[in-house]
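Asks: Make a model of this:
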Amino acid sequence: MLFEKTKIRNLELKNRVIMAPMCIYSAKADGKVTPFHIEHYVTRAVGGVGLILSEAIAVSPEGRISDKDLGIWNDEQIAGLKNLTDRVHQYNCKIGIQIAHAGRKCECSDEPLAPSKLRFSDDYNMPKEISIKEIKLIKQEFLDAIKRSVLAGFDMIELHGAHGYFINQMLSPFTNKREDEYGGSFENRNRFLLEVIKEAREFYDGVIFVRLSAVDYEDTGFSMEDCINLSKELKKLDVDLIDVSTGGNSVNYTAKIYPGYQIQYAKTIKEKVNIPTSAVGMIDTYELAKHTLNQGDVDFVLLGRELLRNPYWVVNNAKKYENLDLMNQSYTRAY
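Replies: Here you go, the predicted structure:
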């Protein structure tokens with residue numbers, strides 16, 4: 001099952017191994033693709049993964065985590081991203097874009113933008129609490145980024161609603177202290193994300209993933225119950241998969257770290273919501289990845305740092321454990 005072909009919506013994948021989004025902080029201030037990005041992603045495509053999810057790519061200069069993040073906030077950035085997707089596609093690999101706004105975790109602004117005036121930690125600048133007008137501007141930035149993603153040749157999109165970035169900040173009562181239509185109740189805190197997806201579906205019928213932190217590890221934060229109920233709303237809007245992670249919205253991180261420690265959250269969401277999920281978090285062995293899929297706990301496994309250490313994890317394990325020669329299948333013939 002791990003190395004078998006599969007399909008999600010209209011997207012055909014050669015296996016169920018996904019390269020997890022990982023920030024590599026290798027762009028310049030203009031946010032454009034560099035030669036390093038090409039080598040970084042193409043190497044993993046050659047290594048046999050079915051789908052690559054890009055690092056967090058910012059919808060605006062103010063939405064970057066750092067000034068070394070890739071961006072998709074203007075049309076000049078499309079050409080480099082199109083070159084990247086074209087190169088990945090040469091190796092029979094699909095590539096999706098993770099679209100993000102850092103919110104209060106932006107490190108390259110003296111006054112980051114956030115739902116509420118609460119800094120992430122003493123090491124971060126105090127953010128500005130944005131107006132409803134500014135919220136709608138950020139929503140439009142997300143929608144424009146999705147349109148540019150199509151032009152750049154990405155096979156699907158993922159909205160980054162985890163790890164304490166802007167969407168996560170909106171979702172969580174720990175970071176969203178607003179008293180208007182975008183704060184307070186569960187419905188209001190979900191409003192921004194749901195509006196982005198609803199309006200995107202008016203022009204985009206491709207695959208959409210949403211990455212969520214299932215829990216904040218804060219008593220007053222986003223809870224597992226919140227995540228389940230939000231996932232039900234996302235399913236109604238035709239979201240294809242919940243990419244499940246945890247934490248990042250608080251300096252408190254109480255999870256015990258062990259191989260596959262976040263699988264339990266993805267399994268629960270899949271069971272309670274009946275929606276495809278993926279799991280990430282120290283899934284670094286063939287045995288764990290295969291067991292997780294064969295048990296039906298999740299639909300896809302995401303490998304992160306293991307693919308940094310071993311870009312050829314898929315082809316090596318397919319050969320070692322299943323006697324499959326996937327290397328030749330990674331290439332399209334070009335003369």
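Asks: Let's see the distance spanning stretch 212-228 from one end to the other.
Replies: 10 Å (Cα to Cα, to the nearest Å).
Asks: now stretch 274-292
Replies: End-to-end for stretch 274-292, by Cα to Cα: 17 Å.
Asks: Test my guess that Ile24 contacts His40.
Replies: Yes - between Ile24 and His40 there is a contact under Cβ atoms under 8 Å: 6.4 Å. Glycine gets a C-beta too; all of them are placed from N, C-alpha and C.
Asks: Pick out whichever of these two has more residues nearby.
Replies: A side-by-side neighbour count of Ile24 and His40, using other Cβ atoms under 10 Å, places His40 first with 18 against 15.
Asks: I'd guessed that one sits against Met22; true?
Replies: No - using Cβ under 8 Å, His40 makes no contact with Met22, being 9.4 Å away.
Asks: In contact with Asp325, which residues?
Replies: 318-319 (Cβ atoms under 8 Å, 6 or more residues apart in numbering).
Asks: Then Ser172?
Replies: 189, 216, 218, 221-222, 249.
Asks: Buried residues, stretch 130-138. List them.
Replies: If you call a residue buried by 16 or more other Cβ atoms under 10 Å, then stretch 130-138 has these buried ones: 130, 135, 138.
Asks: hang on, Tyr182 packs against Phe192?
Replies: Yes - the pair Tyr182 / Phe192 is scored as a contact, 6.0 Å apart, by Cβ under 8 Å.
Asks: Which residues are in contact with each of those two?
Replies: Counting by Cβ under 8 Å, 6+ apart, the residues touching both Tyr182 and Phe192 are 135, 170.
Asks: Give me the more crowded residue out of those two.
Replies: More crowded of Tyr182 and Phe192, by other Cβ under 10 Å: Phe192, with 24 against 19.
Asks: The nearest residue to the more buried one once chain neighbours are set aside: what's it in contact with?
Replies: Distances taken as Cβ to Cβ, 6 or more residues apart in numbering place Met170 nearest to Phe192, at 4.7 Å, with adjacent residues excluded. Residues near Met170 by Cβ under 8 Å, 6+ apart: 115, 176, 182, 189, 191-193.
Asks: Show me which of those residues is closest to Ile242.
Replies: Ile242 lies nearest to Leu193 out of those, by Cβ to Cβ, at 12.1 Å.
Asks: Please give the element, helix or strand, for the residue nearest to Phe192.
Replies: helix 166-171 (DSSP states H and E).
Asks: do the same with Leu308
Replies: helix 305-309.
Asks: May I see the buried residues of that helix?
Replies: 306-307.
Asks: Now the lengthiest helix in the chain: average pLDDT?
Replies: When the chain is parsed with DSSP state H, its longest helix is helix 132-151. Averaging pLDDT along helix 132-151 yields 98.
Asks: For this structure, which residues score under the pLDDT cut-off?
Replies: In the predicted model of the chain, residues 328-335 satisfy pLDDT under 70.
Asks: so which of the contacts of Met170 comes closest to Gly206?
Replies: Checking the contacts of Met170 one by one against Gly206 (Cβ to Cβ), the nearest turns out to be Leu193, at 17.7 Å.
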